[in-house]
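# I'd like to go over a predicted model; first the sequence, then the structure.
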Amino acid sequence: MTDLSTLRFFRTPAHSCSYLEDRQASTLFVDPQAKLSPELYSELSLLGFRRSGDYLYRPHCDGCNACIPARVRVTDFRARRRHRRIEKANQDLTVHREPARYTREFYTLYAAYIDQRHGDGDMYPPSEEQFTNFLTCDWADTHFYCFRQEGKLVAVAVTDQLEDGLSAVYTFFDPTLPERSLGVMALLWQIRHCQRLELPYLYLGYWIHQCQKMEYKSQYQPLEILRSGAWKEFNKD
């Protein structure tokens with residue numbers, strides 16, 4: 001176990017929040033010169049940190065704690081009727097694990113997804129450099145779980161292996177197939193994969209009650225959130 005007291009952290013200047021209007025945001029980063037590893041990543045995930053590229057971070061905003069770390073306790077996961085319907089509708093898809101890397105096939109799907117789904121966001125316009133810097137990592141145990149329909153790539157779930165679970169880093173998918181609900185399907189698949197690996201948690205990143213784009217995370221129960229230094233079950237129903 002790493003002595004976390006020896007780590008240095010850096011805080012960004014305040015900037016406009018990407019999720020809540022009229023809010024200022026700031027981010028706490030682990031010193032990029034520190035020796036990062038999957039083991040340290042696992043320890044910091046318990047404290048609410050996430051990975052973006054080679055960096056570990058968590059929100060650290062003055063006067064605001066709206067970004068709440070969340071994880072699904074997969075052993076007791078309860079699929080809803082909608083979830084079962086989506087899984088059934090996607091039974092024809094195959095899923096294979098591939099190395100986390102840039103390829104033209106991956107990037108083409110990623111760019112189409114960003115263009116169609118996030119044209120008004122911070123990630124637009126997409127670029128090959130953005131793809132690599134955001135999704136790949138030199139030190140993490142990262143994989144691309146690739147969903148294919150008769151060989152055609154339709155979704156990629158970027159997933160990190162942790163000691164006590166998997167971390168759902170990002171999912172991008174074919175925006176011309178809304179009837180498949182591929183984002184939901186990818187998350188359900190990761191939950192099932194945690195179960196197959198006998199790992200207790202799927203880490204979802206941050207849940208924000210006031211942000212409609214984050215509302216979907218509360219649909220996966222039992223959901224645990226990190227509050228006052230402890231993980232506690234949260235049931236929105």
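Everything's here; your move.
# Report the strands that pair with the host helix or strand of T159, each with its relative direction.
Secondary-structure assignment from DSSP states H and E places T159 in strand 152-162. Sheet pairing of strand 152-162 (DSSP bridges) gives strand 142-149 (antiparallel), strand 165-173 (antiparallel).
# so where's the longest helix in this structure?
When the chain is parsed with DSSP state H, its longest helix is helix 182-197.
# Centre-most residue in this structure?
V169 (2.9 Å; C-alpha atoms, centre = their mean).
# Next, count neighbours for the closest residue in space to that residue that isn't next to it in sequence.
Distances taken as C-beta to C-beta, 6 or more residues apart in numbering place V158 nearest to V169, at 4.3 Å, with adjacent residues excluded. All C-beta spots, glycine's among them, are computed from the backbone N, C-alpha and C. V158 has 23 neighbours, counted by other C-beta atoms under 10 Å.
# Could you verify my assumption that V158 touches C137?
No: counting by C-beta atoms under 8 Å, V158 sits too far from C137 to count as a contact (9.8 Å).
# what's the weakest-modelled helix or strand in the protein?
strand 15-16 (a mean of 90; mean pLDDT, DSSP states H and E).
# Neighbouring strands - and their directions - for that one?
strand 24-25 (antiparallel).
# Following element in sequence after the strand it pairs with, please.
Sequence-wise, the next helix or strand downstream of strand 24-25 (DSSP H and E) is strand 27-30.
# Let me know the pLDDT of the nearest residue to R11 once chain neighbours are set aside.
Ranked by C-beta to C-beta, 6+ apart and with sequence neighbours excluded, the top spatial neighbour of R11 is L28, at 5.3 Å. Note for L28: predicted pLDDT of 97.
# T2 too?
Reported pLDDT for T2: 69.
# Buried residues, the helix or strand harbouring H83. List them.
Using DSSP H and E, H83 sits within helix 81-89. For helix 81-89, the neighbour count (16 or more other C-beta atoms under 10 Å) marks H83, I86, E87 as buried.
# just stretch 138-146 next, same as before
Buried residues in stretch 138-146, defined by neighbour count with 16+ other C-beta under 10 Å: A140, D141, T142, H143, F144, Y145, C146.
# Now do the residue nearest to V154 when sequence neighbours are not counted against L153, distance only.
Of all residues not flanking V154 in the chain, D174 sits nearest, at 4.5 Å (C-beta to C-beta, 6+ apart). According to C-beta to C-beta, to the nearest Å, D174 and L153 sit 8 Å apart.
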